[in-house]
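J.: please find the sequence and the predicted model below.
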Amino acid sequence: MRAISKTVEAPKKRIKEFKFVPRIINPVKCDYALIFSANKEVHRAREVLTQNMPWLKVKIFSNPLYVSEFKTDRAAVYIFDDAALSFVDTEKIRQYNKDAVIVLLSSDELIHCSPPAVAKEQVPYSQKADLIFAIDQDELSPHKIITSAVRCAEDMLNIEKYSRARRFIFLIVDDEPRWYSQFLPVLYDIVGQRADVKVTRTFEESLEFLFGVRNEKEIPEQRFRSTGRGDDVICVITDMFFPKGDDLNCDAGRDLFRLLNKYYPRIPLMIASKAKEGYDLKNFAFIMPKGDSGSLQTLRGYIHDFTGMGDFFIRSKTGKVIHRIRNIYQLYNILLKADEDSEQGRELRELLEYYGRKDFFSTWLYMHGFRELGDKLRPRQDTGRRMVTTLKRNIKREILRMRCTPLQIDGKKVCNLNDLLNMFRTIEPEKIQQYSDNDIFSLWFDRKGYTELAEEFRPIHGSGPELIDTLKKCVEKWIHKYEKEPIV
């Protein structure tokens with residue numbers, strides 16, 4: 001008989017896996033986009049909506065009675081032009097639909113460049129809309145504007161009615177629809193599903209959103225963070241002149257800046273204005289001459305560099321970029337340098353202290369998928385080596401954790417890019433669409449350190465075989481790039 005071996009192979013130690021929990025900014029999505037308009041270009045823009053927001057059911061109405069009588073228990077955005085809004089019963093719409101947002105796509109020049117009070121007096125139907133956007137036959141054509149209008153309506157609904165959890169919000173302050181109608185397509189293209197946008201058009205609206213009051217004397221000094229949504233704001237883009245009280249053309253921007261610098265000095269401020277008064281505040285804010293050639297590209301660059309959306313830039317005291325950090329691995333390596341017992345390490349620690357005071361670390365981590373880590377680091381006010389040690393320890397733990405955090409799709413585990421590519425080759429399109437709709441792929445890529453791939457994935461939406469084909473080609477391209485230039 002063959003002898004039985006007494007040597008027993010030790011069982012392999014099972015590696016603990018962590019569950020990947022995606023961060024969904026808008027828990028409620030608009031299910032319907034209901035269009036009633038005589039403008040044929042608005043009708044044609046439905047194709048853009050279907051492509052960019054494939055979860056939407058788009059309906060076009062030809063009778064004001066039918067659109068006023070439409071009932072749904074789902075979130076819906078109603079899109080009207082100037083003529084159509086005059087005919088519909090918006091009170092009935094709101095009565096029948098608890099989650100309805102009324103959007104006006106206006107071709108009226110007066111509405112384009114007027115504060116709310118003037119538009120309300122001169123064009124009474126404009127007050128029936130929750131949100132107003134400017135359209136024309138040129139740079140503000142409906143197909144360029146309509147996706148941003150619907151997304152802004154969805155953001156408004158979620159900010160005001162759903163989820164009190166910490167959010168990430170861009171606050172746009174401008175009383176003229178023509179200007180923020182230009183900003184928003186650029187802004188949404190950058191942020192994807194990582195942040196929301198809130199539009200306010202008066203000083204009082206801005207104050208109420210930030211602090212929960214309409215008079216600055218009522219701001220509670222000790223608990224201002226808990227009364228408004230200012231703590232959720234990651235950037236303010238504002239005009240200098242917008243209504244304050246009965247003054248329709250006052251320098252309200254200066255007062256808003258004064259309050260933000262007092263209560264929320266961490267928030268990056270951007271002045272979208274050519275006014276001289278704006279340049280007087282250049283030490284406190286970034287100036288973007290509104291309407292100038294290249295201004296939208298300037299906006300794009302600022303958002304990438306200063307709101308945590310893009311790379312993490314470390315600048316010298318003179319403003320020169322000395323380190324450009326693309327992913328969490330590179331951030332960890334910079335912290336190792338800052339921990340060195342050298343003159344270079346000391347200087348780097350001093351620079352990093354400034355970024356810590358301004359919440360740059362936590363904001364960047366939030367925007368790149370590390371919400372829990374951002375929440376943990378944000379309340380701390382460590383300095384020097386203690387700050388570096390805290391950051392280094394927590395970031396290293398997150399890096400190790402993500403190596404054991406697969407993406408679960410249709411009951412299967414995706415641990416790396418090759419796994420994902422293989423899955424794309426076999427899976428049915430309907431099983432992955434929600435991952436694209438909610439930026440879940442991009443969020444997982446960011447946490448893995450594939451930030452460039454996350455950026456390229458973020459604006460990709462669609463459905464069916466075309467969606468899978470686009471995603472597959474994108475992953476194939478970046479697999480080859482990361483093989484040549486590993487992220488670690």
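T.: Structure received. Values in this document were obtained by computation on a predicted structure and should not be read as measured data. Numbering: from 1, shown residues only.
J.: which residues of this protein score low on pLDDT?
T.: Where the chain drops to pLDDT under 70, the residues are 1-15, 163, 488.
J.: that one: strands as residue ranges?
T.: With strands called from DSSP state E, the chain shows them at 32-36, 57-61, 76-80, 100-106, 131-134, 169-173, 196-200, 233-238, 269-272, 286-288, 312-315, 321-325, 407-409, 412-414.
J.: for those strands, which one sits closest to residue 452?
T.: With CB to CB, the closest approach to residue 452 among the strands of the chain belongs to strand 321-325: 12.7 Å. Just so you know, the C-beta spots here come from the backbone N, C-alpha and C atoms, and that holds for glycine as well.
J.: outside of the closest one, which residues touch it?
T.: Under the contact criterion CB atoms under 8 Å, 6 or more residues apart in numbering, strand 321-325 has outside partners 311, 312, 313, 314, 315, 316, 331, 334.
J.: in terms of distance to residue 292, which of those residues ranks first?
T.: Closest to residue 292, out of all of the contacts of strand 321-325 and judged by CB to CB, is residue 313, at 23.8 Å.
J.: next, count neighbours for that closest one.
T.: 16 (other CB atoms under 10 Å).
J.: list the beta-bridge partners for it.
T.: residue 324 (DSSP bridges).
J.: that one reaches residue 302, doesn't it?
T.: No - counting by CB atoms under 8 Å, residue 313 stays clear of residue 302, with 11.7 Å between them.
J.: next, give phi and psi for the residue positioned nearest the centre of the chain.
T.: Most central in the chain under CA atoms, centre = their mean is residue 195, positioned 2.3 Å from the mean C-alpha point. Main-chain dihedrals, residue 195, degrees, to the nearest 10: phi -150, psi 160.
J.: could you report the distance from it to residue 170?
T.: 6 Å (CB to CB, to the nearest Å).
J.: now the common contact residues for the two.
T.: Common neighbours of residue 195 and residue 170 (CB under 8 Å, 6+ apart) are residue 234.
J.: in stretch 462-477, what counts as buried?
T.: 462, 463, 467, 468, 470, 471, 474, 475 (16 or more other CB atoms under 10 Å).
J.: how about it as PDB, C-alpha atoms only?
T.: Presented in PDB, the C-alpha positions along stretch 462-477 are these (Å, rounded to 0.1, in the frame of the first residue of the first chain):
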ATOM      1  CA  GLY A 462     -25.500  55.900 -23.900                       C
ATOM      2  CA  SER A 463     -27.100  52.500 -24.100                       C
ATOM      3  CA  GLY A 464     -27.000  49.300 -26.100                       C
ATOM      4  CA  PRO A 465     -24.100  47.800 -28.000                       C
ATOM      5  CA  GLU A 466     -22.800  51.200 -28.900                       C
ATOM      6  CA  LEU A 467     -22.200  52.000 -25.200                       C
ATOM      7  CA  ILE A 468     -20.300  48.800 -24.600                       C
ATOM      8  CA  ASP A 469     -18.200  49.300 -27.700                       C
ATOM      9  CA  THR A 470     -17.200  52.800 -26.700                       C
ATOM     10  CA  LEU A 471     -16.300  51.800 -23.200                       C
ATOM     11  CA  LYS A 472     -14.300  48.800 -24.400                       C
ATOM     12  CA  LYS A 473     -12.200  50.800 -26.900                       C
ATOM     13  CA  CYS A 474     -11.500  53.300 -24.100                       C
ATOM     14  CA  VAL A 475     -10.300  50.600 -21.700                       C
ATOM     15  CA  GLU A 476      -8.200  49.000 -24.400                       C
ATOM     16  CA  LYS A 477      -6.400  52.200 -25.100                       C
END
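J.: residue 454 reaches residue 417, doesn't it?
T.: No - using CB under 8 Å, residue 454 makes no contact with residue 417, being 11.9 Å away.
J.: quick revisit: mind picking the two most distant members of the contacts of strand 321-325?
T.: The widest separation within the contacts of strand 321-325 (CB to CB) is 17.9 Å, between 316 and 331.
J.: quick one: residues contacting residue 139.
T.: residue 182.
J.: make it 10 Å
T.: 145, 178, 181, 182, 296 (CB atoms under 10 Å, 6 or more residues apart in numbering).
J.: pull the contacting residues for the third one.
T.: Right, residue 181. Contacts of residue 181 by CB under 10 Å, 6+ apart are 105-106, 112, 132-136, 139-140, 144-145, 148-149, 152, 174, 199.
J.: would you list the buried entries among the residues you listed?
T.: For the contacts of residue 181, buried by 16+ other CB under 10 Å: 105-106, 112, 132-136, 140, 144-145, 148-149, 152, 174, 199.
J.: what's the spacing between residue 168 and residue 115?
T.: Counting by CB to CB - residue 168 and residue 115 are separated by 28 Å.
J.: more neighbours: these two, which one.
T.: The neighbour comparison of residue 168 against residue 115 (other CB under 10 Å) goes to residue 168, with 22 against 17.
J.: which ones are touching that one?
T.: 23, 25, 191, 194-196, 232-235, 307-309, 363, 366-367, 371, 374.
J.: domain parsing for this structure?
T.: Under the assignment automatic domain parsing, the domains of the chain span 16-157, 166-309, 319-402, 407-484.
J.: neighbours around residue 329, how many?
T.: Around residue 329 there are 15 residues (other CB under 10 Å).
J.: one more: the one 10 residues further on?
T.: The number of residues packed around residue 339, counting by other CB under 10 Å, is 16.
J.: now swap in the one 3 residues further on and tell me
T.: Residues within reach of residue 342, counting by other CB under 10 Å, total 10.
J.: what's the answer for residue 429, then?
T.: That count, for residue 429 with other CB under 10 Å as the rule, works out to 17.
J.: same question for the one 5 residues further on.
T.: Burial of residue 434, expressed as a neighbour count using other CB under 10 Å, amounts to 11.
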